[in-house]
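Q: Fold the following for me, if possible:
(chains A, B and C)
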Amino acid sequence: MNVDLLAHPAEDVAPRLLGSVLACTTPEGTVSIAITETEAYSGTADPASHAYRGRTPRNAVMFGPAGHLYVYRSHGLHWCANVVTGTDGIASAVLIRAGRVIEGEDLARKRRGERVESARLARGPGNFCQALGITGEHNGADLLPGASVTLSEGEPVPTALIRIGPRVGVSKAHDWQHRFYLAGDPTVSAYRLSPRARPSAGA
DNA sequence: TAAAAGATATACT
DNA sequence: GTATATCTTTTAA
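A: Below is the predicted model:
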């Protein structure tokens, strides 16, 4: 993945990351996941962003240059991964919410549970990280080729399949249409939203 | 120094 | 569908 493609506002990059492949290599092996769902966090202008109140030790990575990984712990249990976008000095990141395992499914299932169905291996931010093997150790990691975590372009997805909807799981600015996902993909998470709660989202 | 809130996932009713 | 586990970061006194 060319860093130039990431050096744009999060809401600009988020849809372009759909179909991209995030790969994580650990001593256990490599797991690659094609991204099917993302969410844009615009930084200081976004009330729901960790960077809204300015730079802090935790979110410092988001203010850095594009092409890095911002990993944080949610509710004490789960890891959530973001790809830093935009310009150095301006907070901007794309949360990776879900994806489809395309390599290392055995390892992913081993981490998530033997009886987890394929479509659920990386559905939801926390599960995505667990399947991929991303932890807090990867916070701030560079996504350059050869690194333990890398981002590559993967197969391009038809623009017609890209859907936009309200963000999930945030208590602020949930009206912002900053969630991007692939229509009809079984790996897309829509949990906590009843199917008929967003009638116009798929239209 | 102390308290509250948080970009969730899972189990149970 | 609702309730709960669990801990880090941030903010207020």
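Q: Wait, A:P166 touches A:Y181, no?
A: No. Applying C-beta atoms under 8 Å as the test, A:P166 and A:Y181 come out as separate, 11.4 Å apart. Any C-beta I mention is one placed from the backbone N, CA and C, and that applies to glycine too.
Q: which neighbours do these two share?
A: When contacts are counted by C-beta atoms under 8 Å, 6 or more residues apart in numbering, A:P166 and A:Y181 have no shared neighbour.
Q: between these two, who's got more neighbours?
A: Neighbour count, other C-beta atoms under 10 Å: between A:P166 and A:Y181, A:Y181 has more, with 28 against 17.
Q: what helix or strand does the more buried one sit in?
A: Secondary structure from DSSP states H and E places A:Y181 in strand A:179-182.
Q: strand partners of that strand, parallel vs antiparallel please.
A: Strand A:179-182 has the following strand partners under DSSP bridges: strand A:29-41 (antiparallel), strand A:162-165 (antiparallel).
Q: ok, and what's touching it?
A: Residues from elsewhere that reach strand A:179-182, judged by C-beta under 8 Å, 6+ apart: A:14-15, A:18-19, A:36-40, A:97-98, A:157, A:161-168, A:188.
Q: let's go with 7 Å and repeat that
A: A:14-15, A:18, A:36-39, A:157, A:161-168, A:188 (C-beta atoms under 7 Å, 6 or more residues apart in numbering).
Q: try stretch A:76-84
A: Under the contact criterion C-beta under 7 Å, 6+ apart, stretch A:76-84 has outside partners A:6, A:17, A:61-62, A:64, A:66-74, A:93-96, A:125-126, A:128-129, A:134-136, A:151.
Q: Roughly how far does A:V116 sit from A:D185?
A: 17 Å (C-beta to C-beta, to the nearest Å).
Q: re the thing from before, which one, of the strands paired with strand A:179-182, ends up nearest to DNA strand B?
A: strand A:29-41 (4.1 Å; C-beta to the nearest atom of the strand).
Q: The closest one and DNA strand B, are they touching?
A: Yes. Counting by C-beta under 7 Å from any atom of the strand, DNA strand B is contacted by strand A:29-41 at A:39, A:41.
Q: what's the spacing between that strand and its chain's center?
A: Its chain's C-alpha centre and that of strand A:29-41 lie 5 Å apart, by C-alpha atoms, centre = their mean, to the nearest Å.
Q: Could you do stretch A:2-17 as well?
A: Mean-position distance between stretch A:2-17 and its chain equals 12 Å (C-alpha atoms, centre = their mean).
Q: Where does the prediction get shaky in chain A?
A: Scanning chain A for pLDDT under 70 picks out A:190-203.
Q: What segments of it are helices?
A: Remark: helices assigned in chain A by DSSP state H are A:3-6, A:10-17, A:60-63, A:105-112, A:125-132.
Q: Alpha carbons only: can I get the fourth one in CSV?
A: Yep, that's helix A:105-112 we're talking about. Listed next in CSV are the C-alpha coordinates belonging to helix A:105-112 (Å, rounded to 0.1, in the frame of the first residue of the first chain):
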residue,chain,number,x,y,z
GLU,A,105,-7.7,-19.2,8.7
ASP,A,106,-6.6,-22.1,10.9
LEU,A,107,-4.5,-19.8,13.1
ALA,A,108,-7.3,-17.3,13.2
ARG,A,109,-9.8,-19.9,14.3
LYS,A,110,-7.4,-21.3,16.8
ARG,A,111,-7.3,-17.8,18.4
ARG,A,112,-11.0,-17.1,18.1
